[in-house]
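> return a 3D structure for these sequence lines:
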Amino acid sequence: MSDMPGQGAAAWTDHARTLLVAWSAPDAQQSSLRDEYVDFIDGHNDVHLRASRIGHLTASALVVNPVERTALLTLHPTVGRWLQTGGHIETTDDSLLAAAAREAREESGIAGLELDAAPLRLDRHELMCRADDDSRSRLHHWDIQYLALAAPGSTAVMSDESDDLRWWPLDGLPDVDESVELLARQATRRLGL
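Just a heads-up that it's a prediction; the model follows:
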């Protein structure tokens, strides 16, 4: 699926801005954060590139099996915490949704995931981030978070991007950051679980 007119900086800026402006934020806090995202995008033309050292957009997806009411989390080797699948936008990604879908497939090992086209949440977080040239700097990831649906009985296969990979009950997640809790709650609401 392609909803992008190309992969240049202007196309990415237009894509990200259009997606966020049209997005129905679930609450006032997310609406305010969306406005900050739009201002960030409007102020910089390379927000989709990992090379941007002022911060950059990332895309993630919470993989959920709605029948079993479980979420798949990866133990991130650098962060050392249980997180949803996700990461940097690659040059082969033609949209934020495509980036989230690719990351979810790569990190879950599940080929048949179905992603909801509307973001679930936004989460801006600061961390040490490696650039393409292997330099590291502290910056913000402006994460657009999606919902990925897995079929019942889907088997996850751990990638080399994870220290562990497990299904957890949506109402019994391990010790996770508040952002993951909020993402799981929003997924539960969207799915009516």
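
> is the closest residue to Pro169 other than its chain neighbours in a bridge, and if so with what?
Of all residues not flanking Pro169 in the chain, Thr70 sits nearest, at 5.9 Å (CB to CB, 6 or more residues apart in numbering). Where C-beta positions appear, they are placed from N, C-alpha and C, glycine not excepted. Beta bridges link Thr70 to Asn65, Pro169, judged by DSSP bridges.

> which residues touch Thr70?
Residues near Thr70 by CB atoms under 8 Å, 6 or more residues apart in numbering: 64, 167-170.

> ChimeraX command for the buried members of those residues?
ChimeraX command restricting the contacts of Thr70 to the buried ones, with burial defined by 16 or more other CB atoms under 10 Å:
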select :64,167,168,170
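
> how near is Ala22 to Arg34?
With distances taken as CB to CB, to the nearest Å, Ala22 is found 10 Å from Arg34.

> quick one on the thing from earlier: look at the residue nearest to Pro169 and report its pLDDT.
Looking at Thr70, its pLDDT stands at 97.

> quick one: distance of the lowest-mean-pLDDT helix or strand in the chain to the chain centre.
Among the helical and strand segments of the chain, the one scoring lowest on mean pLDDT, DSSP states H and E is strand 121-130, with a mean of 83. Offset of strand 121-130 from its chain centre (CA atoms, centre = their mean, to the nearest Å): 10 Å.

> partner strands of that strand, parallel or antiparallel?
Going by DSSP bridges, the partners of strand 121-130 are strand 136-149 (antiparallel).

> list of residues touching the lengthiest helix in the chain?
When the chain is parsed with DSSP state H, its longest helix is helix 28-43. Helix 28-43 is contacted from outside by 13, 16-17, 20-21, 23, 25, 47, 55, 57, 121-122, 124, 142, using CB under 8 Å, 6+ apart.
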